[in-house]
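Colleague: Fold the following, please.
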Amino acid sequence: MQNIVSQFAIRGTVSEIKPLGEGLINDTYKVTTVEPDAPDYVLQRINTNVFPDADMVMRNIKAVTSHIRQKLKAKGEDDIDRKVLTFIPSKENPEQLYVTVPSPSGESEWGFWRLMIFIPNAITKQAVNPDSSRAAGKAFGNFQAMLADIPVELGETIKDFHNMEFRLQQLREVIANDPAGRVGEPEVQAMLTEIDKRADEMCKAERMGREGILPKRVCHCDTKVNNMMFDQQDNVLCVIDLDTVMPNFIFSDYGDFLRTGANRVAEDHPNMAEVQFDIDIFKAFTEGYLSSAKSFLLPVEIENLPYATALFPYMQCVRFLWDYLSGDKYWKVKYPNHNFVRANNQLHLLLSIEQHWDEMKQFIQSKL
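Modeller: The predicted structure is shown next:
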């Protein structure tokens with residue numbers, strides 16, 4: 001670890017390196033320095049199974065953080081290093097924000113590592129409530145707003161991540177092959193009927209994109225409450241976890257937050273009667289989002305925010321069902337029909353969202 005850190009252009013002398021947080025994707029460590037005027041750092045190994053083109057990930061992050069930094073300077077913001085992530089370049093190449101490390105045997109790469117400045121006196125939150133949802137909406141809307149005029153085209157770090165047409169094609173292929181022998185189950189057939197009813201409507205974003213009606217913008221693509229840093233006074237400092245930042249329809253950031261944040265139970269809760277869409281969380285997040293994003297959003301994007309709210313439970317239902325029919329190859333399961341329960345949960349969340357359609361549209365109009 002000391003050897004890896006020494007390959008970056010750091011300030012100060014390293015005194016300790018220890019694991020940090022409980023991230024599910026990347027390996028993360030806190031690097032503590034001796035000198036009081038030197039920053040501490042966060043060292044991460046990028047999971048190249050999830051992000052096979054780690055160089056693209058870091059080029060995207062460099063473009064995004066540089067642009068946000070320029071915006072903050074132009075606005076005269078103070079304490080900018082707490083309001084945007086600061087990545088440290090390698091000593092060997094000052095233009096490169098990562099180093100690669102060979103395995104101890106020398107036969108292959110052991111890791112793709114990056115180093116950023118640790119933001120002191122900052123916290124993340126897990127709880128989803130109206131206050132944290134409003135803050136999240138404002139923060140992610142502001143994130144998109146600052147990047148609306150970024151002059152470079154970012155790469156797609158996870159291909160077709162939120163492409164509904166692609167996800168339905170995956171499902172159709174597994175239905176045709178039926179590798180786990182589950183397609184004929186009555187519950188599966190009933191769910192497929194519900195999916196088919198909505199398939200054409202749910203793919204309209206891709207169609208509008210091809211027609212030039214709907215633009216792709218720089219999106220975070222993993223909008224969770226715990227992907228923001230707060231100061232001690234509960235003010236949002238910055239958006240973090242930028243690996244999934246890439247071009248997408250703005251529906252990705254809006255709908256994906258509500259899929260998890262506005263479900264009153266966990267996404268694998270087995271009692272479908274308790275799966276309910278929390279309209280108060282929707283209103284709080286939407287209020288925060290529009291307060292910072294409506295300045296750049298097109299009417300077609302605002303008009304389709306209820307569609308985005310429905311799209312992501314539908315997409316996740318399709319993905320969970322695809323994995324169930326595949327024989328549970330993608331998500332870890334705790335019991336044999338775990339993925340089907342997840343899919344059913346998302347379908348019932350979608351049904352609950354559909355009951356609030358007019359109320360969602362009216363609320364959005366009231367905030368314009």
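Colleague: helices and strands around the top strand by length along the chain, which ones?
Modeller: When the chain is parsed with DSSP state E, its longest strand is strand 109-117. For strand 109-117, the elements it packs on are helix 2-5, strand 41-45, strand 99-102, judged by 3 or more CB pairs under 8 Å, 6 or more residues apart in numbering; DSSP states H and E. The C-beta positions use only the backbone N, C-alpha and C, and glycine is treated the same way.
Colleague: Helices along the stretch 151-300 of the chain, start to end?
Modeller: 164-177, 186-202, 204-210, 251-261, 279-293, 299-303 (DSSP state H, counting those that start in this stretch).
Colleague: Report the distance from the last one to the chain centre.
Modeller: This points to helix 299-303. 21 Å (CA atoms, centre = their mean, to the nearest Å).
Colleague: circling back: let me know which of the helices of the stretch 151-300 of the chain is the nearest to Gln233.
Modeller: Gln233 lies closest, by CB to CB, to one member of the helices of the stretch 151-300 of the chain: helix 279-293, at 17.3 Å.
Colleague: The closest one: which residues count as buried?
Modeller: For helix 279-293, a neighbour-count test (16 or more other CB atoms under 10 Å) marks 279, 281-290, 292-293 as buried.
Colleague: Ok, stretch 37-51 next?
Modeller: Quick answer for stretch 37-51 (16+ other CB under 10 Å): 39-47, 51.
Colleague: Can you tell me which of those residues has the lowest confidence score?
Modeller: For the buried residues of stretch 37-51, the weakest pLDDT value sits at Asn47, with 86.
Colleague: how about the helices of the stretch 151-300 of the chain, which one is nearest Thr309?
Modeller: Of these, nearest to Thr309 by CB to CB is helix 251-261, at 5.2 Å.
Colleague: From the contact counts, what lies against the closest one?
Modeller: helix 130-146, helix 279-293, helix 305-326.
Colleague: the inter-axis angle of the longest one versus helix 186-202?
Modeller: With axes from the mean of the first three to the mean of the last three CA atoms, to 10 degrees defining the directions, helix 305-326 sits at 140 degrees from helix 186-202.
Colleague: Can you name the residues in contact with the helix or strand just after helix 305-326?
Modeller: Using DSSP states H and E, the next helix or strand after helix 305-326 towards the C-terminus is helix 338-355. Contact with helix 338-355 is made by 187-188, 191, 194, 198, 259, 263, 265, 267-270, 272, 275-277, 309-310, 313-314, 316-318, 320-321, 323-324, 328, 331, 333, 360, as judged by CB atoms under 8 Å, 6 or more residues apart in numbering.
Colleague: how about 7 Å then?
Modeller: Helix 338-355 is contacted from outside by 187, 191, 194, 263, 267-270, 272, 275-277, 309-310, 313-314, 316-317, 320-321, 323-324, 328, 331, 333, using CB atoms under 7 Å, 6 or more residues apart in numbering.
Colleague: From these, keep the buried residues only.
Modeller: For the contacts of helix 338-355, a burial check counting by 16+ other CB under 10 Å picks out 191, 263, 267-269, 275-277, 309-310, 313-314, 316-317, 320-321, 323-324, 328, 333.
Colleague: Do me a favour and get the end-to-end distance for stretch 15-31?
Modeller: With CA to CA, to the nearest Å as the measure, stretch 15-31 spans 8 Å from end to end.
Colleague: Please identify the buried residues of that stretch?
Modeller: 17, 26, 29, 31.
Colleague: same deal with stretch 229-243?
Modeller: Buried residues in stretch 229-243, defined by neighbour count with 16+ other CB under 10 Å: 229-230, 236-243.
Colleague: Keep only those of the residues you listed that are in strands.
Modeller: Counting by DSSP E, the part of those found in strands is 229-230, 236-239.
Colleague: Centre-most residue in the protein?
Modeller: The centroid of the chain falls nearest to Asp222 when counting by CA atoms, centre = their mean (0.7 Å).
Colleague: From Asp256, how far off is the nearest residue to that one once chain neighbours are set aside?
Modeller: The shortest distance from Asp222 to any residue other than its chain neighbours is 4.6 Å, reached at Thr244 (CB to CB, 6 or more residues apart in numbering). Distance from Thr244 to Asp256, counting by CB to CB, to the nearest Å: 10 Å.
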